[in-house]
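Chemist: let me see the structure of the following:
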Amino acid sequence: MLVWHTKTLPPAILGVTDGQDVWLDADMTQAERRCTLVHETIHIERGHRGCQPPAVEASVEREAARRLIPLQALGEALAWARSEAEAADELWVDVDTLRVRLASLNHFERGYLRERLEE
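Modeler: Here you go, the predicted structure:
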């Protein structure tokens, strides 16, 4: 896999893959690059090329968020962060990825965080 940084992606598109290589928007923050590269890598692992239906994109977003934000690290960041942005910064992810991770917690993960945040 080759990763190319470009300024020619359409507006609001942070990354794309052809199933083998990845193109990333050259103007992203480090956290955005990290999240987008993992997202596009999952597309490659799953054999995707080009645009995917919304359900597929949502599945890839959830998997990327899980890979990027381990549960214990999430609990630690949420315990002291005063905002989503501060927690995302601590976790080296963008706020959108943090939101996806929080929205897709399973029953066990919710219980773990509930206990961790009550300490």
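
Chemist: just the strands from this protein, written as ranges.
Modeler: Remark: strands assigned in the chain by DSSP state E are 3-6, 15-17, 22-25.

Chemist: wait, which of these is closest to Ala58?
Modeler: strand 15-17 (16.1 Å; CB to CB). C-beta here means a position set from N, CA and C on the backbone, and glycine is covered the same way.

Chemist: okay if I get the strands of the chain as a markdown table plus mean neighbour count and mean pLDDT?
Modeler: Shown next, in a markdown table, are those (neighbours: other CB atoms under 10 Å; pLDDT from 0 to 100):
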| stretch | mean neighbour count | mean pLDDT |
| --- | --- | --- |
| strand 3-6 | 12 | 94 |
| strand 15-17 | 21 | 95 |
| strand 22-25 | 20 | 96 |
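
Chemist: pipe those into CSV and attach distance to Gln72 per row.
Modeler: Output for these, formatted as CSV (distance: least, CB to CB, whole Å):
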stretch, distance to Gln72
strand 3-6, 29
strand 15-17, 28
strand 22-25, 28
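
Chemist: out of those, flag the one nearest Ile69.
Modeler: Among the strands of the chain, strand 15-17 sits nearest to Ile69 (CB to CB), with 18.4 Å.

Chemist: okay, now the nearest residue in space to Thr17 that is not next to it in sequence: neighbour count?
Modeler: Among residues not flanking Thr17 along the chain, Glu40 sits closest, at 4.6 Å (CB to CB, 6 or more residues apart in numbering). Residues contacting Glu40 under the criterion other CB atoms under 10 Å number 23.
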